[in-house]
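[1] Predicted model follows, preceded by the sequence.
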Amino acid sequence: MAESEPWATFGTGYERSLNLLSNASRERYLATVAGERAGFLTISMQGAFVGYVQLLGVAPELRGRGVGTALIEFAERRIFGETPNVFICVSDFNHRAQAFYEKMGYRKVGELADFIIAGHAEILLRKSTGPMRGRT
């Protein structure tokens with residue numbers, strides 16, 4: 001994680017990455033391929049953005065092989081079971097991730113300028129099955 005984007009640009013480092021992945025207030029999931037670690041996902045089901053995918057990472061050698069898609073599809077099943085919205089932030093410089101999320105049906109709903117590092121924005125994305133109220 002610490003060596004991949006966007007975390008490398010953020011200067012997150014190994015210790016901070018470990019702390020983020022150890023946050024017990026988040027749901028944490030690990031994807032495996034042939035018994036080996038292939039990717040991870042953390043989800044927040046509390047706070048202002050219930051259904052927020054906080055972290056997604058795929059091992060470099062497995063990118064483009066469906067691991068990220070499987071993790072996001074898992075997150076959507078989990079989140080849509082309780083709330084009609086999935087939220088994700090993506091860095092404005094992370095064009096590959098932006099294209100991935102767009103292909104998965106996510107749409108830009110906002111931008112947080114200078115949120116993590118100066119000169120860059122975090123783009124708030126949302127995929128929805130409908131409004132919060134009026135669900136049956």
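    It's in.
[2] What is the longest helix belonging to the chain packed up against?
    In the chain, assigned by DSSP state H, the helix with the most residues is helix 67-80. Other helices and strands packing on helix 67-80, by 3 or more Cβ pairs under 8 Å, 6 or more residues apart in numbering; DSSP states H and E, are strand 27-33, strand 36-44, strand 52-58, strand 85-91. (Each C-beta comes from the backbone N, C-alpha and C, glycine too.)
[3] To His120, which of these lies closest?
    With Cβ to Cβ as the criterion, His120 lies closest to strand 85-91 of the helices and strands packed on helix 67-80, at 6.1 Å.
[4] which residues are in contact with the closest one?
    5-6, 9, 49-53, 56, 75-76, 79-80, 97-98, 101, 106, 112, 116, 120-129, 132 (Cβ atoms under 8 Å, 6 or more residues apart in numbering).
[5] Sort out which of those residues are in strands and list them.
    If you go by DSSP state E, the contacts of strand 85-91 have 52-53, 56, 112, 121-128 in strands.
[6] And these, which is the shakiest by pLDDT?
    Ranked by pLDDT, the ones in strands among the contacts of strand 85-91 bottom out at Leu56 (92).
[7] Might you list the low-confidence residue ranges for the protein?
    Applying pLDDT under 70 to the chain picks out residues 1-2, 7-8, 11, 13, 17, 134-136.
[8] let's see 50
    Applying pLDDT under 50 to the chain picks out no residues at all.
[9] quick one, the helix or strand where Glu15 lies and strand 52-58 angle?
    Assigned by DSSP states H and E, Glu15 falls within helix 13-21. Angle of helix 13-21 versus strand 52-58, following axes from the mean of the first three to the mean of the last three Cα atoms, to 10 degrees, is 130 degrees.
[10] elements contacting helix 13-21?
    With contacts taken as 3+ Cβ pairs under 8 Å, 6+ apart, helix 13-21 sits against strand 36-44, strand 52-58.
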